[in-house]
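J.: For reference, the sequence and a predicted model appear below.
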Amino acid sequence: MPSPRSSRPLSLATLAIHGAREAHKPGDPVVEPLVQSVNHLQAFGTADGLKYTRYGNTPNALRLQKRLAMLDAAESALVLSSGMAATACALLALLRPGDHLLASKYIYGGTYRLLMEEFVGMGIQVQLVDPFEPRIWRKSIKKETRAIFIESPVNPTCRVLDLRPISFLTKNSGIALVVDSTFASPVNFRPIESGADVVIHSATKYLNGHHDVLAGVVCGSEPYIEEVLQKEMLWGQTPDPFACWLLERGLKTLDVRVRRSNASAMAIAEWASGQKLVTAVHYPGLPDHPDHKIAKETLDGFGGMLALELKGGGRAADRFLRRLKLVTHAPSLGGVDTLVSEPRFTSHAKMTAAERAKIGIPDGFLRFSIGLEQVDDLIADLEQALK
Ligand SMILES: *Cc1c(COP(=O)(O)O)cnc(C)c1O
């Protein structure tokens, strides 16, 4: 990385492009090369410096990891082969059979199954709680509790959790606070600055941002990331150098992409609030959102995710989706294309309509990931589909 003349720290937008870069000299390529080789020549008479892709120590992974740590204001970071690999290895490094994990019940479907099927099967006690219930964390901590796991912002309702009281508790009781902040990206939220110990991202989403790489990230202290690396090596969850190279390219535009999608999401939320056929708009940037104040205090931008509820429920949603021309009906999020999905057919398909309605996701609920198209074109598409 070029050394800045003043001591002013570099901003996230600049770090996303130059962070952890070696100083350039004449003749060097501007774009860092892809080193696809799995093995590397070894020095004689020593095991030091052994390089192998699965060990997470080949050139594209090393530079990317240093850069990702900078973006999340963390001591260290590790890149893994998916968001699920990140969650699995992050928690395997913290929990042993008999330990107790307290988790929010509003978590990604894959994470839910990992905890309730795999971890419970390994003898880890997992307890899911409603994170919006007052004092729930304090009430639920036991002497075996090793970690608290939360996701914020919450999928698909865009609720925002306040980390500050939770981290006050975890810091005082020696419990790790683990936060999946995939929905925010480090542009909108840096959980370590709010007291988290571990941050997880599905880099498949905003960090890469182009719908073409599957990857995950874990950020935390140096000794902890060393433990996660041991899990990554042994469970074989390391990404290929090309995935790292593509992710490094995606990162360079992270700041402009996220800020653009934030601005468009805000404009769409405001437009939708004035539509008679839209019965509810879920976006933390709106003053009437239940967590608007917390979002304003703890986030740096309100995000590119929003949800709408349509008058006429599931049938209206179905008609609306079939009429869309630009907005693409597909799962996942955080990329250049604007996507829409229905939780009743994706993340919440295993629940009944009544169960979904109880947690605020009635039929007719649509989740949007706002991409980088011109916002007037997006609103025009939504408007014609609503009519
Ligand atoms: C997508 C997602 C994951 C899983 O990431 P993959 O890259 O698909 O393995 C985990 N958490 C959240 C919040 C996600 O949106």
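T.: That came through, no problem.
J.: Please identify the residues of the stretch 101-250 of the chain in proximity to the ligand?
T.: 108, 110-111, 151, 155, 180, 182-183, 202, 204-205, 214, 216 (Cβ under 6 Å from any ligand atom). The way it works is simple: take the backbone N, C-alpha and C, and place the C-beta from them, glycine included.
J.: Which among those residues count as buried?
T.: Tyr108, Thr111, Glu151, Asn155, Asp180, Thr182, Phe183, Ser202, Thr204, Lys205, Leu214, Gly216 (16 or more other Cβ atoms under 10 Å).
J.: Once you drop chain neighbours, what's closest to the closest residue to the ligand within the chain?
T.: Closest residue of the chain to the ligand, Cβ to the nearest ligand atom: Gly83 (2.2 Å). In space, and not counting its chain neighbours, Gly83 is closest to Ser202: 2.6 Å by Cβ to Cβ, 6 or more residues apart in numbering.
J.: does the one you found really touch Gly216, like I thought?
T.: Yes - taking contacts as Cβ atoms under 8 Å, Ser202 lies within contact range of Gly216: 5.6 Å.
J.: what's the neighbour count on Leu64?
T.: For Leu64, the count of nearby residues is 29 (other Cβ atoms under 10 Å).
J.: what sits against it?
T.: Taking Cβ atoms under 8 Å, 6 or more residues apart in numbering, we find Leu64 in contact with Ala20, Val79, Cys244, Leu247, Glu248, Leu251.
J.: tell me which element the first one is part of?
T.: Under the criterion DSSP states H and E, no helix or strand holds Ala20.
J.: Wait, it touches Ala61, no?
T.: No - using Cβ under 8 Å, Ala20 makes no contact with Ala61, being 11.4 Å away.
J.: Looking at those two, which is more packed in?
T.: Ala61 (25 against 17).
J.: got the contact list for stretch 116-136?
T.: 88, 91, 95-106, 115, 137, 140, 144, 150, 159, 161.
J.: For Leu91, give its distance to Tyr224.
T.: 12 Å (Cβ to Cβ, to the nearest Å).
J.: actually Ala295, sorry about that
T.: Ala295 is 28 Å from Tyr224, by Cβ to Cβ.
J.: between the two, who's got more neighbours?
T.: Using other Cβ under 10 Å as the criterion, Ala295 and Tyr224 rank with Ala295 on top: 26 against 21.
J.: quick one: low-confidence ranges for the stretch 201-350 of the chain?
T.: Applying pLDDT under 70 to the stretch 201-350 of the chain picks out no residues at all.
J.: which stretches of it form strands?
T.: Using DSSP state E, counting those that start in this stretch, the strands of the stretch 201-350 of the chain run over residues 216-220, 278-282, 305-310, 328-329, 339-341.
J.: okay, those, which one's buried deepest?
T.: strand 216-220 (a mean of 30; mean count of other Cβ atoms under 10 Å).
J.: what packs against it?
T.: helix 59-71, strand 76-80, helix 83-92, strand 198-202, helix 222-235 (3 or more Cβ pairs under 8 Å, 6 or more residues apart in numbering; DSSP states H and E).
J.: ok, and for stretch 339-355, which residues are buried?
T.: Of all the residues in stretch 339-355, those buried under the rule 16+ other Cβ under 10 Å are Leu339, Val340, Ser341, Glu342, Pro343, Arg344, Ser347, His348.
J.: I meant to write stretch 51-69 there.
T.: For stretch 51-69, by 16+ other Cβ under 10 Å, it's 51, 53, 56-61, 63-65, 67-69.
J.: want to throw the strands of the stretch 201-350 of the chain into CSV with distance to Pro165?
T.: Formatted as CSV, the strands of the stretch 201-350 of the chain follow (distance: least, Cβ to Cβ, whole Å):
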stretch, distance to Pro165
strand 216-220, 21
strand 278-282, 23
strand 305-310, 24
strand 328-329, 39
strand 339-341, 32
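J.: Excluding chain neighbours, what is closest to Arg356?
T.: Excluding its sequence neighbours, the residue lying closest to Arg356 (Cβ to Cβ, 6+ apart) is His348, at 5.3 Å.
J.: any idea how far the one you found is from Thr157?
T.: To Thr157, His348 is 11 Å away according to Cβ to Cβ.
J.: Val179 contacts His201, doesn't it?
T.: No - counting by Cβ under 8 Å, Val179 stays clear of His201, with 9.8 Å between them.
J.: So these two - more neighbours on which side?
T.: Counted by other Cβ under 10 Å, Val179 and His201 do not tie: His201 has more neighbours, with 31 against 28.
J.: Could you check how far the more buried one is from Leu372?
T.: His201 is 19 Å from Leu372, by Cβ to Cβ.
J.: quick one: contacts for the closest residue to Gln237 other than its chain neighbours?
T.: Closest residue in space to Gln237, ignoring its immediate chain neighbours: Ala85 at 3.7 Å, by Cβ to Cβ, 6+ apart. Taking Cβ under 8 Å, 6+ apart, we find Ala85 in contact with Gly216, Glu232, Trp235, Gln237.
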